[in-house]
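[1] the sequence and its predicted three-dimensional model are supplied below.
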Amino acid sequence: MKHDRDSTKINRGGRFVLAVLLAAALSAAGAAAGFASQKAPAKPAQVRVQDLNMKHRDWLNLVAYIITDKEKEVFFQLTNDRDRDIFIDSFWKLRDPTPGTPENEFREEHIRRFNHANKELGRGSGKPGWMTDRGRYYIILGRPNSMESFYGSIGLLPIEVWYYYTDGRKGLPPHFGLVFFQRGGSGEFKLYDPVVDGPKALMLNDPETAEIASDDYEAMYERMQTLAPTLADMSISLIPGEYGYGYQPSTRGTILIANITDSPKADIRPTYATNFLSYKGLVSTEYMSNFVDSEAIVAVLRDPLLRTNFLHFAVKPATVGVDYFEAKDQYFCNYTVSVSLRPPDPKSEEIIFQYTKDFPFYFPPSDVDKIRANGIAIEDLFPVLEGRYRLTVLIQNSVAKEFCLLEREIVVPADDGKPHLVGPLIGYKFQDYSANLQLPFKMLDKKLIVDPQNTFAKSDTIAFLISVQNAGEELWRDGRLRVQIVPASGRTEGRKTIDVRLRDYPLAADIPVFHLFPAEGLPPDYYQIEAVLLDGQERAVATSRGPFIISTQPAVGHPIARMKGFPPENRFLYFGMLAQQAAKTNDRAKADAYYKQALSIKPDFTRGWADYAQFLLRTGRYDQALEAAERFKDDGQIRFEYLALRGRALKEKGTYAEAVKCLLEANKIYNSDTELLKTLGFCFYKLGQKKEALDSLNAALRLNSGLADVKALIAEVEKSLK
């Protein structure tokens, strides 16, 4: 059967959003012991309106009736004008009805309404038109479908009635009216509420009106009928026909007014504002309003063969935006994954390690429904040194300009040599791969297939992986792993005990235990897998636990995983990554060892030689840095880096003339490197070429006016010229 592509398209480019259905009625349980826990970002202090520049104060006036409380809260937490400008762009982008076009019709119409309110609706009020009642509701609802005015009518105050017809959404009825009147016959037109004001408030206090009792609504209605028949019904109810016995004013009018006030915010999902403080500066403006929620699994596993810790993660975005490539009859999306490790202190912006990868995904039309139901999980792994870090994983889908953000505080413990358990990691099956191929959530030759929601149906099989580390021969021979499946509700039904003998697995420093059991027989509930490592005398040596959920649904769709494996011939990259981390954490000996290990595996790894040379330069080993630099001097892609590094190393050795030659040649390749210009200026100064020194130093200052050491050196050079 031919796939109906037209049913899945939105906008002109054929883009659509695949809403990933939550298959479980139960939400995810808390993080398991041994897994990373979520850490909320620190909340900045609020600024005051008077602290803002006039442009941003004017913007707050412009959006006063359409901005949500959360958006306003975040806006007042921003600390600089650039972030405020980006936030404003995101605010309008979220409301753009046609995001695939250059125009933002919502913003243009809103500004038109605001300007009209200021020009036409503030007269006689003594305040800007947008601040009046008429201005407020004109800005929210736009031009009325029709209007009726009562100016100078006998027995009535000046009154306007605005009639609207709607599509019935956002809590608004298909037809209603708003009544505005001048209390006392002059000044601002105020919004009329039938319950609060009552029909008598619309009439002049002439003798006939004055005789009507304040609770005699039938008499008021009859009086209004004699003065203005078309106004009589509106004085009782803003929604035609909705009034009570004896012409009692309808409370629906009060509800209507509240719904109108809330209507601009009814369809706004302020998640982007909630997360703005976390992701501002990480993603470009075009992505800012397209933040999507996600589920994630993060775990640290030690590879049994390499004896190296790897951080594994899987992230499942809540939506998947794709496009259609007609020439090949394919749908596609492209995820860019940016990973960084930082120190645990939230105030620190130092980057210990980072990398970026692309994950393109192409699939035929026949898979659209499957992707829509199950979603996509992005999986990856990288080696990590022991320590405490802040992990950030930014995932951007360039097709739909969507992004999601994973932030966790992780701990990679040092190996104390004692037996302990890592996991359980929980999934729904195992797949066999080559033992030498490095993949996320894989140990030896088996990869655990995970679902970041950790939610399963009764028809699923539950798979778990537990790594027993530092067991030793005696514990391996006599010990066992007791695994209990425990419902969080405490019920007896669903409890299960699994005993695993360690000697059923090969003896090794790290013993990965793989096990499967059917979910059938487990009632819907939250569950814990509780693992206890017992020695030959039944004494508990180590424990661990991990959560999962059995859904009320008969079937649960699991995401399609996208990942990239590392073949064994690329393991030199792992040691290069560890070297970078060690260098950033000032572990000089470990960094040196890892760099040498990586380069011994792949001697022609020019990027590795460049990183190693930079490390040697930073640690004051200038001769060794120059020697290492010779290993990548013929790599044209990093020619600038070679020349600049040589120049800096020669400068530190006091060989200024030779340093200048390298630096000038590097400057021909790229003339906007402040560090190079600063070094060049210093060398010129030492050679007595003071004019050239000032030219270089001033060029650096033009690129970055905040370089205090450059300013000090300029002052020193200028002083020497006097």
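    It's in.
[2] where does residue 448 land in three-state SS?
    Look at residue 448: counting by DSSP: H, G, I helix; E, B strand; the rest coil, its state is strand.
[3] return the set of residues that bridge with it.
    residue 430 (DSSP bridges).
[4] residue 283: neighbour count?
    By other CB atoms under 10 Å, 19 other residues sit near residue 283. For the C-beta atoms, the positions are set from N, CA and C on the backbone; glycine is no exception.
[5] quick one: it from residue 338, how far?
    9 Å (CB to CB, to the nearest Å).
[6] any shared contact partners between these two?
    Listed contacts common to residue 283 and residue 338 are 394, 396; contacts here mean CB atoms under 8 Å, 6 or more residues apart in numbering.
[7] distance from the chain centre to the longest helix belonging to the chain, please.
    Assignment by DSSP state H gives helix 105-120 as the longest helix of the chain. Put simply, helix 105-120 sits 32 Å off its chain's centre (CA atoms, centre = their mean, to the nearest Å).
[8] which elements pack onto that helix?
    helix 54-62, helix 133-141 (3 or more CB pairs under 8 Å, 6 or more residues apart in numbering; DSSP states H and E).
[9] give me whichever of those helices is most buried.
    helix 133-141 (a mean of 21; mean count of other CB atoms under 10 Å).
[10] for residue 297, name its beta-bridge partners.
    residue 314.
[11] now residue 149
    Where residue 149 sits in a bridge, its partners, by DSSP bridges, are residue 160.
[12] pLDDT weak spots in the stretch 201-350 of the chain?
    Residue ranges of the stretch 201-350 of the chain with pLDDT under 70: 244, 280-282, 285, 288-289.
[13] mind doing that once more with 90?
    205-217, 230, 239-255, 265-293, 304-307, 318-328, 345-349 (pLDDT under 90).
[14] how about the helices of it, start to end?
    For the stretch 201-350 of the chain, the helices defined by DSSP state H, counting those that start in this stretch occupy 207-210, 217-227, 229-236, 252-262, 271-279.
[15] quick one: closest of those helices to residue 624.
    Proximity to residue 624 (CB to CB) singles out helix 271-279 among these, at 40.6 Å.
[16] how about the contacts made by the residue nearest to residue 653 when sequence neighbours are not counted?
    Spatial nearest neighbour of residue 653, excluding adjacent residues (CB to CB, 6 or more residues apart in numbering): residue 622 at 5.2 Å. If a contact means CB under 8 Å, 6+ apart, then residue 622 has 616, 649-650, 652-653 as its contacts.
[17] of those, closest to residue 54?
    Once CB to CB is applied, the member of these that ends up nearest residue 54 is residue 652, at 50.4 Å.
[18] leaving out sequence neighbours, find the closest residue to that closest one.
    residue 622 (5.0 Å).
[19] ok, residue 511 next?
    residue 468 (4.4 Å).
[20] which two of the contacts of residue 622 have the greatest separation?
    Longest span within the contacts of residue 622, CB to CB: 616 and 650, 13.7 Å.
[21] now the host helix or strand of the residue nearest to residue 511: average pLDDT?
    Remark: residue 468 resides in strand 461-469, with elements defined by DSSP states H and E. Strand 461-469 shows a mean pLDDT of 95.
[22] same for it, what does it pack against?
    Using 3+ CB pairs under 8 Å, 6+ apart, strand 461-469 sits against strand 294-302, strand 420-427, strand 429-432, strand 446-449, strand 480-487, strand 510-518, strand 525-534, strand 540-550.
[23] show the pLDDT at residue 33.
    The predicted local distance difference test score for residue 33 is 32.
[24] can you give me the neighbour number for residue 558?
    24.
[25] how about it, nearest residue that isn't a chain neighbour?
    In space, residue 558 is closest to residue 451, 4.6 Å off (CB to CB, 6+ apart).
[26] could you do residue 220 as well?
    Residue 220 sits nearest to residue 199 (CB to CB, 6+ apart), 4.1 Å away.
[27] please list all residues in contact with that neighbour.
    Applying CB under 8 Å, 6+ apart, the residues contacting residue 199 are 217, 220-221, 223-224, 232, 235-236, 249.
[28] at 6 Å instead, please
    Taking CB atoms under 6 Å, 6 or more residues apart in numbering, we find residue 199 in contact with 220, 224, 235.
[29] residue 159 versus the last one, what's the distance?
    This points to residue 235. From residue 235 to residue 159 the distance is 9 Å (CB to CB).
[30] so between those two, which is more surrounded?
    residue 235 (31 against 22).
[31] pretty sure the more buried one sits against residue 223.
    No. Residue 235 lies out of contact with residue 223 (CB atoms under 6 Å); the separation is 9.8 Å.
[32] okay, and the closest residue to residue 385 other than its chain neighbours sits in which element?
    Once flanking residues are discounted, residue 385 sits nearest to residue 581: 4.8 Å by CB to CB, 6+ apart. Per DSSP H and E, residue 581 falls inside helix 572-584.
[33] quick check: which helices or strands does that helix pack against?
    Packing partners of helix 572-584 (3 or more CB pairs under 6 Å, 6 or more residues apart in numbering; DSSP states H and E): strand 376-383, helix 588-601.
[34] try 8 Å
    By 3+ CB pairs under 8 Å, 6+ apart, helix 572-584 packs against strand 353-363, strand 376-383, helix 588-601, helix 606-618.
[35] need the winner for burial among the ones you listed.
    Stretch with highest mean neighbour count among those: strand 376-383 (a mean of 24; mean count of other CB under 10 Å).
[36] okay, it in CSV with CA atoms only?
    This file holds the C-alpha atoms of strand 376-383, laid out as CSV (Å, rounded to 0.1, in the frame of the first residue of the first chain):
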residue,chain,number,x,y,z
ILE,A,376,14.4,7.6,18.5
ALA,A,377,17.1,7.2,21.2
ILE,A,378,20.5,8.7,20.6
GLU,A,379,23.2,6.5,22.3
ASP,A,380,26.9,7.1,22.8
LEU,A,381,29.8,6.5,25.1
PHE,A,382,33.3,8.0,25.9
PRO,A,383,36.1,7.1,28.3
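[37] following that strand, which helix or strand shows up next?
    Next along from strand 376-383, by DSSP H and E: strand 387-397.
[38] mind listing what's buried in that following strand?
    Within strand 387-397, the residues scored as buried using 16 or more other CB atoms under 10 Å are 387, 389-397.
[39] following element in sequence after that strand, please.
    Past strand 387-397, the next helix or strand by DSSP H and E is strand 402-412.
[40] what packs against that following strand?
    strand 37-38, helix 271-279, strand 294-302, strand 309-317, strand 387-397.
[41] count the neighbours of residue 620 for me.
    Neighbour number of residue 620 under other CB under 10 Å is 9.
[42] where does the stretch 601-722 of the chain have low pLDDT?
    671-672, 704-706, 721-722.
[43] quick one, strands of it?
    For the stretch 601-722 of the chain, strands defined by DSSP state E, counting those that start in this stretch do not occur.
[44] would you map out the domains in this protein?
    144-264, 292-562, 569-721 (automatic domain parsing).
[45] just the element for the nearest residue to residue 59 once chain neighbours are set aside, please.
    Excluding its sequence neighbours, the residue lying closest to residue 59 (CB to CB, 6+ apart) is residue 88, at 6.0 Å. Applying DSSP H and E as the criterion places residue 88 in helix 81-94.
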